[in-house]
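Asker: Here's a sequence, model it:
(one chain, ligands or ions: 2)
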Amino acid sequence: MTPGFNDEQRGGDKSLNPIYIKNPHLDLMKEDILYHFNLGTATHDLPAMFGDVKFVCVGGSPSRMKSFIQFIAGELNLGNPTDEYPNICAGTDRFSMFKVGPVLSISHGMGVPSISIMLHELIKLLHHARCIDVTVLRIGTSGGIGLKPGTVVITRQSVDASFVPQLEQIILGKKVLRSTELDDTLAEELLQCSKQLNDFETVIGNTMCTLDFYEGQARLDGAFCSYTEADKQGYLTEAYQAGVRNIEMESTAFAAMCKLSGLQGAIVCVTLLDRLEGDQLTSSHDQLHDYQLRPQILVGTYIKKKLNAV
Ligand SMILES: O=P(O)(O)O[C@@H]1C[C@H](O)[C@@H](CO)O1
Ligand SMILES: O=c1cc[nH]c(=O)[nH]1
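Answerer: Ligands and ions are numbered 1, 2, ... in the order given. Model prediction:
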């Protein structure tokens with residue numbers, strides 16, 4: 001286990017929470033190139049650029065993560081929401097990254113493979129930058145089960161498509177199972193924050209992570225489908241009975257990698273539709289945009305509260 005800081009560098013204060021990477025090979029490398037961020041230890045002063053980061057917000061879309069940094073800049077009085085914030089990863093079109101004060105905002109694309117790559121490089125970035133006490137929050141969209149569209153779900157447990165709280169990964173050709181346990185206290189704090197906001201409905205529930213948007217989520221409107229409406233309803237009802245309240249495509253990898261690295265993590269996703277009622281996203285563009293803002297508002301309020309408490 002290689003902490004970003006050793007005890008001496010931390011002034012002997014073991015209460016500070018370093019980012020853990022668990023890879024002895026990294027210590028032998030002269031340079032670490034974070035290829036998909038277009039950043040590296042030999043080319044960038046990562047401690048100077050990122051050493052003050054305390055919150056990392058991640059979500060699928062680059063434009064959402066850009067508008068989040070504009071929003072949080074205004075909330076924290078660190079800048080004007082209408083200002084342009086440079087994309088730190090402008091040298092690559094894989095991911096976008098924006099920073100204002102202690103908040104980093106990064107896009108992760110769609111699905112577990114994409115977010116896994118981003119998180120490997122993010123965890124190494126935080127380690128190289130010697131960050132401590134970092135909280136990572138996924139602000140995303142999802143399909144709800146039995147919830148009014150627009151409801152925000154804070155994830156209690158991320159489960160796979162068989163409702164098991166695990167990430168299955170193939171390493172050296174063998175199955176490796178990783179726990180997807182998340183921080184209960186953080187989820188509860190976010191729920192309290194939402195209650196104080198009193199702006200939209202928020203619940204805590206299990207989030208199902210699938211490998212696909214269509215057949216993987218029991219949709220009837222993909223290019224292929226070999227099951228009936230009754231099969232779909234049966235599966236989604238089973239999911240509901242297992243505590244699943246929403247479905248998306250990144251949470252198992254997010255939860256597993258937060259746990260492995262010792263990062264505090266939470267997943268906050270708005271539901272765009274009720275999957276028991278349909279499959280297509282029929283809400284207007286403006287309505288969907290309004291829904292997408294909800295996790296940003298909740299997480300923004302949480303960050304502001306935490307920073308003001310210091
Ligand atoms: O963070 P986002 O809203 O991109 O996450 C969900 C899960 C998939 O990546 C995507 C499917 O539309 O939305
Ligand atoms: O139904 C949905 C909506 C957003 N994202 C998903 O993964 N599924």
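
Asker: Now the stretch 51-200 of the chain against ligand 2: closest residue?
Answerer: At 2.5 Å from ligand 2, Gly143 is the closest residue in the stretch 51-200 of the chain, using C-beta to the nearest ligand atom. Yep, even glycine has a C-beta here, placed from its N, CA and C like the rest.

Asker: give the contact list for that residue.
Answerer: Gln217, Asn246, Ile247, Glu248, Thr271, Leu272, Leu273, Asp274, Arg275 (C-beta atoms under 8 Å, 6 or more residues apart in numbering).

Asker: Bridged to the fourth one, which residues?
Answerer: Read it as Glu248. In this entry, Glu248 is beta-bridged to Cys209, by DSSP bridges.

Asker: Okay, strands next: where are they in the protein?
Answerer: Ranges of strands within the chain are 2-3, 20-21, 33-34, 39-40, 55-59, 97-100, 103-107, 135-144, 152-159, 166-171, 174-179, 202-209, 244-248, 264-274, based on DSSP state E.

Asker: how about CSV for the ones you listed, with distance to Glu75 added?
Answerer: As requested, those are exported to CSV (distance: least, C-beta to C-beta, whole Å):
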stretch, distance to Glu75
strand 2-3, 32
strand 20-21, 30
strand 33-34, 28
strand 39-40, 26
strand 55-59, 12
strand 97-100, 10
strand 103-107, 9
strand 135-144, 14
strand 152-159, 17
strand 166-171, 32
strand 174-179, 33
strand 202-209, 18
strand 244-248, 25
strand 264-274, 16
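
Asker: how many neighbours does Gly59 have?
Answerer: 27 (other C-beta atoms under 10 Å).

Asker: One more: Val103?
Answerer: 25.

Asker: That one contacts Ile72, correct?
Answerer: Yes - under the contact definition of C-beta atoms under 8 Å, Val103 touches Ile72, with a separation of 5.2 Å.

Asker: which neighbours do these two share?
Answerer: Cys57, Ile303.

Asker: what residues go with each domain of the chain?
Answerer: Using automatic domain parsing, the domain parsing of the chain gives 1-133, 138-310.

Asker: which of those has the lowest average pLDDT?
Answerer: Confidence, taken as mean pLDDT, is least for domain 1-133 of those (a mean of 90).

Asker: hmm, that domain in reach of ligand 1?
Answerer: Yes - Domain 1-133 comes into contact with ligand 1 (C-beta under 6 Å from any ligand atom), by way of Gly59, Gly60, Ser61, Met110, Gly111.

Asker: Out of those residues, who's the most crowded?
Answerer: Neighbour counts for the residues of domain 1-133 next to ligand 1 peak at Gly59, which has 27 neighbours (criterion: other C-beta under 10 Å).

Asker: Contacts only, for the residue lying closest to Glu250 once chain neighbours are set aside.
Answerer: Nearest non-adjacent residue to Glu250, counting by C-beta to C-beta, 6 or more residues apart in numbering: Ile115, 4.3 Å away. Ile115 makes contacts with Val58, His108, Gly109, Glu250, Ala253, Phe254, as judged by C-beta under 8 Å, 6+ apart.

Asker: any idea how far Leu167 is from the last one?
Answerer: Remark: distance between Phe254 and Leu167 (C-beta to C-beta, to the nearest Å) = 9 Å.

Asker: Repeat that for Pro18.
Answerer: From Pro18 to Leu167 the distance is 23 Å (C-beta to C-beta).

Asker: does Asp32 really touch Ile21, like I thought?
Answerer: No - between Asp32 and Ile21 there is no contact under C-beta under 8 Å: 10.2 Å.

Asker: Between those two, which is the more surrounded one?
Answerer: Ile21 (21 against 17).

Asker: how about stretch 168-187: buried residues?
Answerer: Judged by neighbour count using 16 or more other C-beta atoms under 10 Å, the buried positions of stretch 168-187 are Arg178, Thr180, Glu181, Leu182, Asp183, Leu186, Ala187.

Asker: what's that stretch in contact with?
Answerer: 135, 154-160, 165-167, 204, 251-252, 255-256, 258-260, 264-267.

Asker: ok, the nearest residue to Leu126 once chain neighbours are set aside - contacts?
Answerer: Counting by C-beta to C-beta, 6+ apart, Ile19 is the residue found nearest to Leu126 once chain neighbours are left out, at 4.4 Å. Contact analysis of Ile19 by C-beta under 8 Å, 6+ apart lists Pro3, Gly4, Ile123, Leu126, His127, Cys131, Ile132, Val134, Ser261, Gly262, Leu263.
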